[in-house]
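Colleague: below are the sequence and a predicted model; questions follow.
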Amino acid sequence: MKALRVLLALGIIAACVAAFLYSDGSSTSTASAGALIDLTTSESCRDCHSEVYDEWKSSYHAQSFLDPLVRAKEQSNNFRKVQCIPCHAPAPILERATGKGARVVERFTFREQGVDCLACHKFHDHVAGTQSVSGALAACRPIADERLSRAELCAPCHNQHDTVNEWEASSFHDAGVGCLDCHMPTITRTLPDGRTKQGRSHKFLGGHDLGTLQGALDLKVENLTTDSGEGLLKVSVTNSGAGHNYPADARHRALDLVVTLIQPDGVEVPARDERPPDRQRGTARRRFRNPYRQEASRLTNLETWGRENTQIPSGGTETLEVPYQPEQVVRARIEVFYKLTPYMEDLDSTLVHERVVEL
Ligand code: HEC
Ligand code: HEC
Ligand code: HEC
Ligand code: HEC
Ligand code: HEC
């Protein structure tokens, strides 16, 4: 009995301490006092938000200034092209302006941290959060800022390649499913004192993550016979799970759908040594990509598919039809490759789907 009462008393004390440490800033005067910590680098957040820090550290946001793909000679040339610095090492977004037209300004300190905590969270003398928290422990003094939960936070950097515009035109937008729902899924966090709360993943998974790529793209294969007795393989891919074009981003990414017909003796059509040098594999293939302005494939796309940009819009389906002679081939291999750059070889890139169909 006595033990129980002690426990109860301890519980009440703990609750009071917690209430003090995490009390809602809006009801106290400390909310406007500003952060009690250094707000110059993401390292200042690490001790108290180690889970978030580790997720962010694993993300491409944390890599954006060190990323070898961005530093390549033909890209930013080690950021000698200074116009590449702002989004890849940005000053705090919220302090300037958010939304599509907003200009991102470069940061002059700790650039190696890329899109750092402060880029999204620093607002002058405190941090912006989803809710206001005050008290001794929440020394960062988060103050609720609704811009943080909206696409307008991502837009200054991510609409250069139309991602936000595409999302606004998608059914996900109409259904109230935003960038955060897909790229910052809710997770349960354990706070330093052992309590748990709902948090948001800071891994920002995208084109580097197989699961994200696979879950959003459906592959359908139909094996038909035409009136004249020929075979017709109809292969279609549907962007069912991305709230914007697939592959997202303007120009670096490419998605290749490759169909390879195989003869009874196992030889592919055309045989490997009969292929043109630029055709690594496949009997037929189709590329989904938004080419650079100067690339000849813009015109080829326009002539062949009626548009320069062949990325698959959200909810859209694209088909590749491959006719075949039933007596000459027995099998088809269907592959979908996701490429971080359009110059990647099939077998060096990410195999999103693979299916073998007996004909
Ligand atoms: C001395 C510890 C401490 C430091 C350092 C610290 N924070 Fe916090 N922070 C907390 C605590 C405690 C909370 C309240 C519990 C929670 O939501 O994680 C909090 C809350 C937050 C929230 C709001 C959470 C919500 O639900 O909206 C954000 C955003 C945040 N911190 C960002 C930062 C950033 C960015 C930094 C680095 C500049 C930082 N914090 C540094 C302790 C700290
Ligand atoms: C200050 C600019 C900036 C802001 C704000 C920003 N991002 Fe990014 N984001 C980048 C840059 C730069 C990269 C590319 C980093 C690289 O790969 O080098 C990137 C990459 C990504 C990726 C791709 C990860 C991968 O695997 O390639 C996703 C997803 C993403 N951001 C989502 C978001 C979302 C959602 C928001 C809004 C909550 C957001 N970003 C806000 C600049 C920003
Ligand atoms: C307006 C903001 C902005 C500017 C300015 C900018 N980038 Fe980016 N960059 C991004 C975002 C956002 C991403 C993430 C994916 C995307 O393209 O949507 C990205 C991704 C990249 C990637 C792909 C990285 C990867 O992981 O594959 C490369 C390469 C790149 N940028 C190069 C450059 C170069 C070169 C410049 C300067 C000529 C530049 N960027 C200027 C916002 C920007
Ligand atoms: C690209 C922008 C971006 C970057 C970079 C970023 N955050 Fe966040 N953060 C957000 C957004 C957006 C939310 C939540 C919005 C919501 O819940 O509506 C958030 C939520 C949080 C929260 C509360 C939710 C949770 O999971 O506990 C904390 C704490 C936090 N961030 C800390 C940090 C820290 C620390 C860093 C750096 C290690 C960081 N953030 C980097 C955009 C960012
Ligand atoms: C319904 C889910 C969903 C929504 C909503 C969504 N995305 Fe995506 N996003 C994905 C999937 C799946 C991918 C990977 C396939 C692709 O590239 O399209 C992706 C890819 C990306 C990439 C490219 C990553 C890379 O490595 O090239 C960026 C950048 C991105 N999203 C940003 C955003 C932004 C900004 C918003 C809000 C305007 C948003 N996304 C809304 C699901 C979503």
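Modeller: Thanks, I have it. Ligands and ions are numbered 1, 2, ... in the order given.
Colleague: Trp166 - how many residues pack around it?
Modeller: Heads up, residue 166 is Glu, not Trp. With neighbours defined by other CB atoms under 10 Å, the count for Glu166 comes to 20. Just so you know, the C-beta spots here come from the backbone N, C-alpha and C atoms, and that holds for glycine as well.
Colleague: C-terminal to the host helix or strand of it, what's the next element?
Modeller: Element membership for Glu166 (DSSP states H and E) is helix 163-168. Downstream of helix 163-168, the next assigned helix or strand under DSSP H and E is helix 171-174.
Colleague: may I ask you to confirm that Lys122 is in contact with Pro92?
Modeller: Yes - using CB atoms under 8 Å, Lys122 makes contact with Pro92 at a distance of 4.1 Å.
Colleague: roughly how far is the helix holding Glu166 from the heart of the chain?
Modeller: Offset of helix 163-168 from its chain centre (CA atoms, centre = their mean, to the nearest Å): 13 Å.
Colleague: do that helix and ligand 2 meet?
Modeller: No - using CB under 6 Å from any ligand atom, helix 163-168 stays clear of ligand 2, coming no nearer than 8.3 Å.
Colleague: does anything pack onto that helix? Which helices or strands?
Modeller: helix 151-158 (3 or more CB pairs under 8 Å, 6 or more residues apart in numbering; DSSP states H and E).
Colleague: what residues does this protein put near ligand 4?
Modeller: Contact residues (CB under 6 Å from any ligand atom) of the chain with ligand 4: 42, 45, 49, 52-53, 56, 61, 115, 117, 119-121, 129-130, 148-149, 153, 180, 189, 199-200, 202.
Colleague: quick check on those: which are buried?
Modeller: 42, 45, 49, 52-53, 56, 61, 115, 117, 119-121, 129, 148, 153, 180, 199-200, 202 (16 or more other CB atoms under 10 Å).
Colleague: near ligand 5, list only the ones from the residues you listed.
Modeller: Of these, not one also sits near ligand 5 (CB under 6 Å from any ligand atom).
Colleague: so which of the residues you listed are in strands?
Modeller: Using DSSP state E, the members of those that fall in strands are Gly129, Gly199, Arg200.
Colleague: so of the residues of the chain next to ligand 4, which ones are in helices?
Modeller: Cys45, Val52, Tyr53, Trp56, His61, Cys117, Ala119, Cys120, His121, Leu153, Leu180 (DSSP state H).
Colleague: ok, those residues vs Leu299, which is closest?
Modeller: Set against Leu299, the nearest of those by CB to CB is His61 (35.3 Å).
Colleague: which residues touch the nearest residue to Met184 once chain neighbours are set aside?
Modeller: Nearest non-adjacent residue to Met184, counting by CB to CB, 6 or more residues apart in numbering: Arg200, 4.1 Å away. By CB atoms under 8 Å, 6 or more residues apart in numbering, Arg200 lies in contact with Leu180, Met184, Pro185, Thr186, Ile187.
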